[in-house]
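Novice: Everything below, folded, please.
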Amino acid sequence: MSRPLDPRLLRYARGVRSLLLGSVVVAGLTAALVVAQAFCLGYVVSEVFLGEAALDDVMPVITLLAGIVVGRALLSGLGDVLAQRSATRTSRELRAAMLAHVVRLGPVWLSGERRGQVATLATRGIDSVEPYVSRYLPQLVIAVVVPLTVGIAILTQDLLAAVIVAVTAPLIPVFMILIGLYTQSATAKQWSTLGVLSGHFLDVVAGLPTLKAFRRETAQSQRMAEIDRRYRKATVGVLRISFLSSLTLELLASLSVAVVAVAIGIRLVYGEIDLQTGLTVLILAPEVYLPIRMVGAQFHAAADGIDAAEQVFEILGTEPATTGTRTDVPAGPMVVDGVGVTYPGSEVVALLPSSVTIEPGRVTAVVGPSGAGKSTLLAVLQAFVAPTSGAVRVGDADLADLDATVWRARLGVVAQDPVLVGPTVADDVRLRRPAATDAAVDAALREAGLDPATLPDGAATRVGDLASDVSAGQRRRVALARVLLDPPPLVLLDEPTAGLDDEAEAGVVAAVRLLAARGSAVVVVAHRPGLVQPGDTVLTLEPAGVPA
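Specialist: Residues are numbered from 1 along each chain as shown. Below is the predicted model of the structure:
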């Protein structure tokens, strides 16, 4: 986000709009109070020390001055409350928009290191946007409104001081831009390293049993330590730039105010300017530089958020594989016609051209060796991957022309490692049909080959990443029961019997047949022969992995 305010932030975060409007009002009132405070102080000091006025004579002005100080404090507090609320709303809106878009992009896009990067952005990354919104943006508005207002006030009192301010004040933004560009580069490097560290950590945790079995955990520990060292080095580099830039901006602002003070002092000695005017200008001069200088300080405090927001916008700007808009899905069989896939940026074919007709009420088995593209074909059928060649037709429509959200609402998917969101098994089974009765939930579980009585607390057994009392095989059958409770037109099953014994496999096979009997078109990736029976449509995929 190289610009002070990225327009994309206004598009995805409505809270920023109200913040900017409120900040303009607060900054305008603050600027008026700053000018009024300077004139009151100049008047009181000159009248008491040179005009020999008693305190009682200037008490009304002192009372007004006290009111101005209280008013500035109230405006500051109001601005802080408005900024914090807007920042909280902004982070919530950005997180929701990013996660919704990641769902639209699909699991293929999310594979690899992107998992760690998205996880980091969705948590710490978007949280770091809050200082950018709550501190940097309001200060940016103040740095425009207050110096301009105060500069005009100085111009009405002393032309020479106004010229000095007009010449020196723009130097601070120039230095800020130069330092900011360097800071942004260092921060981008820091975030990139953190993303690599997060992705590598997730991969290591997922493969820890394998690493332990082959005694390779020590090598991965050393690799993670090396990435961690690079991240710490990048973080210290950002802090070093922040401290040095603050020193530079403070020095420049102090010298500028000193030049104004010297010019006023010399003319006071020669009687070319009166004390009240000199004091007023001298009090106003620092108020020109302070807001601009604070922008630099807040920029460094919000640098992580600026770079995180840029990464969020890159994700939000990524186009899904299919962008169709047609919402009426025609009836009829689904025809896969010569569909082949080569992923962008890869020279290796992931799926050789393949054809099959998927009909309602029938089971279509997809078989082939590992790496033949079975999971890729399922991703194509879910509109997460666009075919490089060929097409998928649904009735008289091309799948690419259909609205992806509407299409996926007609699908039931049981992945190899399904995610259960819970909080209980019953809640998970009801995801497609929330009003289903307990009896219907229990019946669906039994149809999927999972007797609720075998679970610790029946259908009330807890599930989820942090509190799960079901095994991997039971999770797969819970996901299958979810589909059985409300059968969709198309069901995609990716190795539903993996890791199951013969008895459990027989129950899953019966559930697959039941789905077809209820009218669903069932596509099942099968490695085990028990899933393929006479009468099934079988698509055998040839080994892929050849150059495109």
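Novice: Helix, strand or coil: sort out Val336 for me.
Specialist: Remark: Val336 carries the secondary structure label strand [criterion: DSSP: H, G, I helix; E, B strand; the rest coil].
Novice: Contact partners for the residue lying closest to it once chain neighbours are set aside?
Specialist: Spatial nearest neighbour of Val336, chain neighbours left out: Val356 (4.9 Å); criterion: CB to CB, 6 or more residues apart in numbering. (C-beta placed from N, C-alpha, C; glycine too.) Under the criterion of CB atoms under 8 Å, 6 or more residues apart in numbering, the neighbours of Val356 are 335-336, 364, 537, 539.
Novice: Checking my notes, Val356 in a helix, right?
Specialist: No - assessed by three-state DSSP, Val356 does not belong to a helix; its assignment is strand.
Novice: What residues sit buried inside stretch 97-110?
Specialist: In terms of neighbour count (16 or more other CB atoms under 10 Å), stretch 97-110 has its buried residues at 97-98, 101-102, 104-109.
Novice: so which of those comes closest to Gly449?
Specialist: Pro107 (25.3 Å; CB to CB).
Novice: how close does Ala517 get to Val363?
Specialist: Counting by CB to CB, to the nearest Å, the separation of Ala517 from Val363 is 10 Å.
Novice: just His527 next, same as before
Specialist: When CB to CB is the yardstick, His527 and Val363 sit 15 Å from each other.
Novice: what are the ranges of the helices in the stretch 401-548 of the chain?
Specialist: Remark: helices of the stretch 401-548 of the chain, listed N- to C-terminal, are 404-408, 425-429, 438-447, 472-485, 502-517; assignment by DSSP state H, counting those that start in this stretch.
Novice: Rebuild those as TSV, extending it with mean neighbour count, mean pLDDT and distance to Leu74.
Specialist: Below are these laid out as TSV (neighbours: other CB atoms under 10 Å; pLDDT from 0 to 100; distance: least, CB to CB, whole Å):
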stretch	mean neighbour count	mean pLDDT	distance to Leu74
helix 404-408	17	90	47
helix 425-429	25	89	48
helix 438-447	18	91	57
helix 472-485	24	86	55
helix 502-517	18	84	65
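Novice: Just put these in CSV and tack on distance to Val133.
Specialist: Shown next, in CSV, are these (distance: least, CB to CB, whole Å):
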stretch, distance to Val133
helix 404-408, 29
helix 425-429, 35
helix 438-447, 44
helix 472-485, 39
helix 502-517, 48
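Novice: To Arg92, which of these lies closest?
Specialist: Between Arg92 and these, the tightest spacing by CB to CB is seen for helix 404-408, at 21.7 Å.
Novice: Low-confidence bits of the stretch 251-400 of the chain, can you list those?
Specialist: Applying pLDDT under 70 to the stretch 251-400 of the chain flags residues 300-303.
Novice: contacting residues for His17?
Specialist: One thing to correct before we go on: residue 17 is Arg, not His. Applying CB under 8 Å, 6+ apart, we find Arg17 in contact with Leu10.
Novice: Could I get the buried residue list for stretch 273-289?
Specialist: When burial is assessed from 16+ other CB under 10 Å, stretch 273-289 yields the following buried residues: 273, 275-289.
Novice: okay, His527 and Val363: which has more neighbours?
Specialist: For His527 against Val363, the residue with the higher neighbour count under other CB atoms under 10 Å is Val363, and the figures read 27 against 14.
Novice: so what's the more buried one up against?
Specialist: Residues in contact with Val363, defined by CB under 8 Å, 6+ apart, are 512-513, 516, 522, 524, 533, 536-537.
Novice: ok, back up a step: restricted to helices, list the buried residues of stretch 273-289.
Specialist: Among these, the members falling in helices (DSSP state H) are 275-289.
Novice: From the buried residues of stretch 273-289, pick the one nearest Gly67.
Specialist: Nearest to Gly67, judged by CB to CB, of those is Ile283 at 17.3 Å.
Novice: distance of that closest one from Val144?
Specialist: Ile283 is 21 Å from Val144, where distance means CB to CB.
Novice: What's the local residue count around Ala309?
Specialist: 27.
Novice: For the helix or strand hosting it, which helices and strands make contact with it?
Specialist: With secondary structure defined by DSSP states H and E, Ala309 is part of helix 303-316. The contact analysis (3 or more CB pairs under 8 Å, 6 or more residues apart in numbering; DSSP states H and E) places helix 303-316 against helix 7-12, helix 55-109, helix 129-131, helix 171-206.
Novice: And the contacts of the shortest one?
Specialist: Counting contacts by CB under 8 Å, 6+ apart, the residues outside helix 129-131 that touch it are 84, 87-88, 90-91, 94, 298, 301-302, 304-305, 308-309, 312.
Novice: Equivalent analysis for the first one, please.
Specialist: Counting contacts by CB under 8 Å, 6+ apart, the residues outside helix 7-12 that touch it are 1, 16-17, 90, 93-94, 97, 309, 313, 316-317.
Novice: what about Thr63, how many neighbours?
Specialist: For Thr63, the number of neighbouring residues by other CB under 10 Å comes to 11.
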